[in-house]
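> Give me a 3D structure for the following:
(2 chains)
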Amino acid sequence: MSTSAHPAVASQHDRARAERSIFRPGNRTRAVLVVLALLATIFFAFPFLWAIVTSIKPPSESYNSAVVPWLQFEPTLQNWQDELTTRGRSISLALRNSVVAATISALVAVTLGTLAGYSLSRGVFREERSNFLFNWFLSQRLLLPVVVVIPYLLMMRALGLVDNLFGLILAYSSFNLPLAVLIMTDFFRDFPKELEEAALIDGATVLGAFWKVALPLVAPGLIATFILLVAFAWNEFLFALVLTYRSAITLPVLIVGAESTQGIQFWYIAVRSLIAMVPPVLLVLFVQRYLVRGLTMGAVKG
Amino acid sequence: MRRNKGKALLVVLAVLAMATTAFGQDDQKLKRFDGVTITIATLAAGPEGVISGPVYKRAEEWSRLTGGQVEVAEIPFSEVHTKVMADLYTGIGIYDGFLAQAWFYGDYMAGDYVVPIDDYMNDPGFPQFNNNAVLPAVANLLHWGDQQYAPPFDGDEFILWYRKDVLADPAFAEPFRAAYGYELPNPPQTIDQLIDVAAFFQGKDWSGDGSPDYGIAMSLKSGQGLAQYWYQAIAAPYAILPGPVVDRYHNVFWFDPDTLEPLINKPGHVRGLEKLVELATKGQPEAGLAWDLGQSWSVFLDGKSVFALNTADIASGAQSSKAVKGQLGGIPIPGATEVYNRETGSWETFDDPNVVGNLLGANWNGTISKFSDHPEAVYSFFAYLATQENLTQAAYAGGDGIDPTSEFQFLPPLGNANVEGYVKAGWNPEDARTYSDALYANLAQVDTYLPYLRTRGTASFQNALDAAITNVLAERAEPQEALDGVAEAWQRTIDSLGADSFKQEYRTSIGYGEAPKGP
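Residues are numbered from 1 along each chain as shown, chains lettered A, B, ... in the order given. Here you go, the predicted structure:
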């Protein structure tokens, strides 16, 4: 006699099947969520798919909607070969410049921003002055970059820093610093001062209390802020376009440069974009757990 | 005897000394720029790309000859004007020279930001180029008033390219005659004929590949600022009345040179827009309204359209096309048999179509920034690019984006280039002949020209026009209404620039009072 014929097992089976049925109210919701998640995945993954497919399509087929290689089009590595041979030096230069400018400017902004945020959150200044400074930093985020790009150009020219990586780092740091201040101020505010006060009572200096007590508490937030600032600097185009022209060009400028007198060369844009995606993706994979913790820090109080 | 031998030896030594000194002097003249580095702004296309490729290549050679160094500053195509003008407006002078599009010469020359080169051209110490061989249409573009500001380098133009094999195929003759009541023109001579032929082939599988093909490929995509060039090409034959002199009513397109009234909404211009809409809707698929420049190239070079109304560069692109290589036909943009006469307020009829030459396309030529510390070195480099030898090689190469400017670059009997040079560079010999003849005809065998808009604020005028054209193509506005709006926008721009000074620079740019020389 098979177990499935046993009444007890059969009814367990039926119950399990009923649990999984799509017509069960709870499962219907789950099904809808799964569909929505799939649609969202397709929506966000599509640019990557487009870039990959376009980079291996012959240029003449770049404008059609074929996406399946070998079935809908004959893939080729010619675009990659062209780019890596004729533009290899430019690409590696732009990649290096983007990595250096983004990481160093983010480090500078996060370092200074953390110190400023700590001061603002710990009442170093009187309350009204603290609020004023906080709001002043906030106002910098509302400033349109295009408004100040020419003054920046004039300043960099005066300093001899046009087409210079250090000049670009200065520009990015100055533009990202307000964001770092705002974020870190909020992170510090989420932790009670009493922990540092206890350390001070135990003989720690203010800097010691900051370094050994406050900073470790906000470490996930600090890393999340760093990654955010790297992302902003990585994608930045306007300042890179205006302040650089040869030695210090970055990947966004190089990608836009794939437009010639014969139109936009989407196949080369795809190749350059894929190369540009690699470092940020690697960075996020490496620090993703800190990113999640940092972004949700303070979400649950108490 | 010994005395004679001694004398002879002295003479020989003297001659040798003089020769050596002369050679040394030439060396000293050439090598004038040791320690000098110049920064040249040009298109971001890399060391082997269009426009910038020849710049890199010649930069190395020039460096060996003169001791100077060239830093090539590559700028993305759509950002060239922004970056160059940021440099000029602020006076920062990052760039010593610009190998940039002639569209913006109004800003450079009328704005007094670039240096005239007439004095340098007379100095034998610089590389010599054959300025007398430059075709008048191109020479005019390089001048502002009486002064020349750039050596010749690139002479791009809009041409009607077509598939010779398709138009000559007898299988289409009878159906066309039956549909339109006249012989299939091979090639079309008027805009109306072009519309008929494009419409005839549109949607038919004339290539035999099993899918519908197209009549014509144009780039009319909204927001790219290019649709207005196609409009200019189609409207010019209806709007530009030829005459012996550039005056108030003849050989003008943009503004009334006496009153500065924008002409863009006059009947000839409106007719031109109506014809563009007709050509786009009957000769292209609906999706063609979204074709950008690359796509319009791709459609023609993949053998999907009979016509391409496009830049001269497409001919070199055709040499890599299995469908088009060897079958390339090309003529100046067809004309119109009716031209609007603003003086009489009526349409004038022509027995021979009014064909208007153009230099549409970017036309990359080198100008010297007035903020450069080394204008002579910059001139030396641009003059080196323009030597007869270098320009000839540039025309042969094709894929470098450089099109002929001077007579010697064309094939006999028009010039003294040779077909072997083209063939060696990969051209089909018949296509090379087509290319040479079509470009020369457009530059030198027409009665009038579409004048380049070379004033301050050109970008502003172009943007307003482009937006209006795309509105009409998208059926959001009627042609007259849209162009009325453009006229108003242009008037506001003129007012902001200052009407008096604008009038002077507009008249200078079109050569007011002179015989029409070219764009």
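> residues from the stretch 151-300 of chain B in reach of chain A?
Applying Cβ under 8 Å from any Cβ of the partner chain, we find that the stretch 151-300 of chain B lies next to chain A at B:Asp156, B:Ser219, B:Asp292, B:Leu293, B:Gly294, B:Gln295, B:Ser296, B:Trp297, B:Ser298. To be clear about C-beta, it is placed using only N, CA and C from the backbone, and glycine gets the same treatment.
> quick check, nearest of those to chain A?
B:Gly294 (2.6 Å; Cβ to the nearest Cβ).
> And for that closest one, nearest residue in space, chain neighbours not counted?
Leaving aside its chain neighbours, B:Gly294 sits nearest to A:Gly263 (2.6 Å; criterion: Cβ to Cβ, 6 or more residues apart in numbering or on different chains).
> wait, that neighbour sits on B:Trp297?
Yes. Taking Cβ atoms under 8 Å as the definition, A:Gly263 is a contact partner of B:Trp297 at 6.1 Å.
> Neighbour count: these two, which is higher?
Higher neighbour count among A:Gly263 and B:Trp297: B:Trp297, with 25 against 20, using other Cβ atoms under 10 Å in any protein chain shown.
> Can you tell me how far the more buried one is from B:Ser219?
Shown here: B:Trp297 relative to B:Ser219, a distance of 8 Å by Cβ to Cβ, to the nearest Å.
> anything in contact with each of the two?
Common neighbours of B:Trp297 and B:Ser219, using Cβ atoms under 8 Å, 6 or more residues apart in numbering or on different chains, are A:Gly263, B:Asn310.
> For chain B, tell me whether the helix or strand that A:Pro279 is a member of is touching it.
Of the helices and strands defined by DSSP states H and E, A:Pro279 is found in helix A:266-296. Yes. Contact of helix A:266-296 with chain B (Cβ under 8 Å from any Cβ) involves A:Phe266.
> other SSEs contacting that helix?
Contacts defined by 3 or more Cβ pairs under 8 Å, 6 or more residues apart in numbering or on different chains; DSSP states H and E place helix A:266-296 against helix A:25-55, helix A:78-86, helix A:88-121, helix A:219-235, helix A:251-256.
> quick one: secondary structure of A:Lys57?
Per DSSP: H, G, I helix; E, B strand; the rest coil, the local secondary structure of A:Lys57 is coil.
> got a pLDDT number for the residue nearest to it when sequence neighbours are not counted?
In space, A:Lys57 comes closest to A:Phe73 once its chain neighbours are excluded; the distance is 5.7 Å by Cβ to Cβ, 6+ apart. A:Phe73 carries a pLDDT value of 91.
> Bridged to A:Phe73, which residues?
A:Pro69 (DSSP bridges).
> What residues does it make contact with?
Taking Cβ under 8 Å, 6+ apart as the contact definition, A:Phe73 lies against A:Lys57, A:Pro58, A:Glu61, A:Asn64, A:Ala66.
> before we move on, what about B:Asp247?
By Cβ under 8 Å, 6+ apart, the neighbours of B:Asp247 are B:Pro257, B:Tyr512, B:Gly513.
> quick one, phi/psi of the last one?
In other words, B:Gly513. Recorded main-chain torsions at B:Gly513 are phi 90, psi -10, according to degrees, to the nearest 10.
> In space, what's closest to residue 103 - neighbours in sequence excluded?
In the absence of a named chain, this looks at chain A. Sequence neighbours aside, A:Val230 is the residue nearest to A:Thr103 in space, at 6.1 Å (criterion: Cβ to Cβ, 6+ apart).
> wait, I meant chain B there
Skipping the residues right next to it in sequence, B:Trp103 comes nearest to B:Thr458 by Cβ to Cβ, 6+ apart, at 6.1 Å.
> so what's that neighbour scoring on pLDDT?
Looking at B:Thr458, the pLDDT reads 90.
> My read is that it contacts B:Ala102, right?
No. Between B:Thr458 and B:Ala102 there is no contact, the gap being 10.1 Å when judged by Cβ under 8 Å.
> With neighbour numbers in mind, choose between the two.
Neighbours per residue (other Cβ under 10 Å) separate B:Thr458 from B:Ala102, with B:Ala102 holding more: 24 against 21.
> Tell me how many other residues crowd B:Thr493.
Around B:Thr493 sit 19 other residues, with neighbours defined as other Cβ under 10 Å.
> burial of the one residue in the stretch 1-150 of chain B that gets nearest to chain A, as a residue count?
In the stretch 1-150 of chain B, no residue comes nearer to chain A than B:Ala44, which is 3.4 Å away by Cβ to the nearest Cβ. Using other Cβ under 10 Å, B:Ala44 is surrounded by 26 other residues.
> Okay, B:Gly398 and chain A: tell me how far apart.
If you measure B:Gly398 against chain A using Cβ to the nearest Cβ, to the nearest Å, the figure is 12 Å.
> Would you mind naming the helix or strand containing the nearest residue to that residue once chain neighbours are set aside?
Once its chain neighbours are removed from consideration, B:Gly398 has its nearest residue in B:Ser316; the separation is 2.9 Å (Cβ to Cβ, 6+ apart). In this assignment (DSSP H and E), B:Ser316 forms part of helix B:314-317.
> now swap in B:Ala438 and tell me
Take DSSP H and E as the rule and B:Ala438 turns out to sit in helix B:429-444.
> mind listing the strands in the stretch 101-250 of chain B by residue range?
Assignment of strands within the stretch 101-250 of chain B using DSSP state E, counting those that start in this stretch yields the ranges B:143-144, B:147-148, B:158-163, B:214-217.
> Please, where are all the helices along the stretch 301-450 of chain B?
B:314-317, B:375-385, B:388-397, B:419-424, B:429-444 (DSSP state H, counting those that start in this stretch).
> name the helices or strands packed onto the shortest one?
Under the contact definition 3+ Cβ pairs under 8 Å, 6+ apart, helix B:314-317 sits against strand B:158-163, helix B:293-301, helix B:429-444.
> How about the contacts made by the closest residue to B:Leu301 other than its chain neighbours?
If the residues on either side of it in the chain are set aside, B:Leu301 comes closest to B:Ser321, at 4.2 Å by Cβ to Cβ, 6+ apart. Applying Cβ under 8 Å, 6+ apart, we find B:Ser321 in contact with B:Leu301, B:Asp302, B:Gly303.
> Surely A:Ala276 touches A:Leu251?
Yes. Between A:Ala276 and A:Leu251 there is a contact under Cβ under 8 Å: 4.3 Å.
> out of these two, which sits in the more crowded spot?
Each of A:Ala276 and A:Leu251 had its neighbours counted (other Cβ under 10 Å), and the higher figure belongs to A:Leu251 (27 against 22).
> returning to what we had before: now the common contact residues for A:Ala276 and A:Leu251.
A:Leu95, A:Ser98, A:Trp234.
> got a list of what the last one touches?
Contacts for A:Trp234 were tallied using Cβ under 8 Å, 6+ apart; they are A:Ser98, A:Ala102, A:Leu251, A:Ala276, A:Pro279, A:Pro280.
> What distance do you get for it to A:Asn97?
11 Å.
> Can you tell me who whatever residue of the stretch 201-302 of chain A ends up closest to chain B pairs with across the strands?
Across the stretch 201-302 of chain A, no residue is closer to chain B than A:Gly263, which sits at 2.6 Å (Cβ to the nearest Cβ). The partner list for A:Gly263 in beta bridges (DSSP bridges) reads A:Ser260.
> give the contact list for it.
If you count contacts by Cβ under 8 Å, 6+ apart, A:Gly263 has them with B:Ser219, B:Asp292, B:Leu293, B:Gly294, B:Gln295, B:Ser296, B:Trp297.
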